[in-house]
Structures are given as C-alpha cells and as structure tokens.
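> Need coordinates for the below:
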Amino acid sequence: MAGITAYVGFYEICSPKKVELVFISAASGVVDILKNILGFDDAFNYNEESYLNEAIKRYFPEWIDIYFETVGGKMLDAVLPNIRPHGRITACGTISQYDEEEPDVTHNLMYVIIKKIRIL
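Have a look, this model is predicted:
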C-alpha cells in the first residue's frame, strides 16, 4: 500500500518533468544505496546535518521545483524557503512527527499558506 501511495503521489500528483529539480525527503538513512545502486543524483542523511537549510542549498543552489514530503518537522521548515514560486509540494507523510506528543505541523502548514498567499 505504501508503494502505491508513493507512486501515485509522486507520478500522478507531482507530475515531474525532466527539467525539474526534485527533492524527496525520506527516512532512509542509506545514502550510499540511493546514490550507488538506485542511481539518485545525490543524497544526504538529514540526521547528520547541523543546518538543513545549508545542506539543501548545497544541492539546490537556486530552488526546488518539486518537493515530495515524507519527513515533516525541521526538514519541511528547511525546504519551504527553497521552493520555486509556483513549485509543487506533495505531502505523503511526516515520519519525524509520528512519535511526538505534540507534532509541529501547525507551524509548517501556516508557513505554506502564508507563502502561497504572498506568491499569488
């Protein structure tokens, strides 16, 4: 079921085009497999990064066209300022918030709403 959800969320909702820069957050932790076996252009372990915004800027110096969200929390906070105007975000999960007594999704959602209003 999770595979179908991710497939539909990415290919049907995001509808990526070859020229677009795509960032997929995931609780994978196995960066070498993503790059060396699965052929991803690049990857990093967000748990090993002190400053997520700087890490994102290293890989996406201008902007992100599509963000496929599965982590939430601090990762989403770091990605949002780096989304291209009229870029696309698909929320497929927020794994970082699943075990939290008080998930921090309200702040993230308010930021998206405010940013969208400013862009329009």
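> hang on, A43 packs against L34?
Yes - in this structure, A43 is within contact of L34 by CB atoms under 8 Å, at 4.2 Å. For glycine as for every other residue, the C-beta is placed from the backbone atoms N, C-alpha and C.
> For this protein, just list every one of the strands.
Here the chain has its strands, by DSSP state E, at 22-24, 64-69, 83-91.
> Show me what the shortest one is packed up against.
Counting contacts by 3 or more CB pairs under 8 Å, 6 or more residues apart in numbering; DSSP states H and E, the secondary-structure elements packed against strand 22-24 are strand 64-69.
> neighbouring contacts of the strand it packs on?
Contact with strand 64-69 is made by 6, 9-10, 14, 16, 20-25, 56, 75-76, 79, 82-84, 87-94, as judged by CB atoms under 8 Å, 6 or more residues apart in numbering.
> ok, now stretch 42-53?
By CB under 8 Å, 6+ apart, stretch 42-53 touches 25, 28-29, 31, 34-35, 55, 59, 71, 74-75, 77-78, 81-82.
> tell me which residues of that stretch are tucked away?
Within stretch 42-53, the residues that count as buried by 16 or more other CB atoms under 10 Å are A43, Y46, E49, L52.
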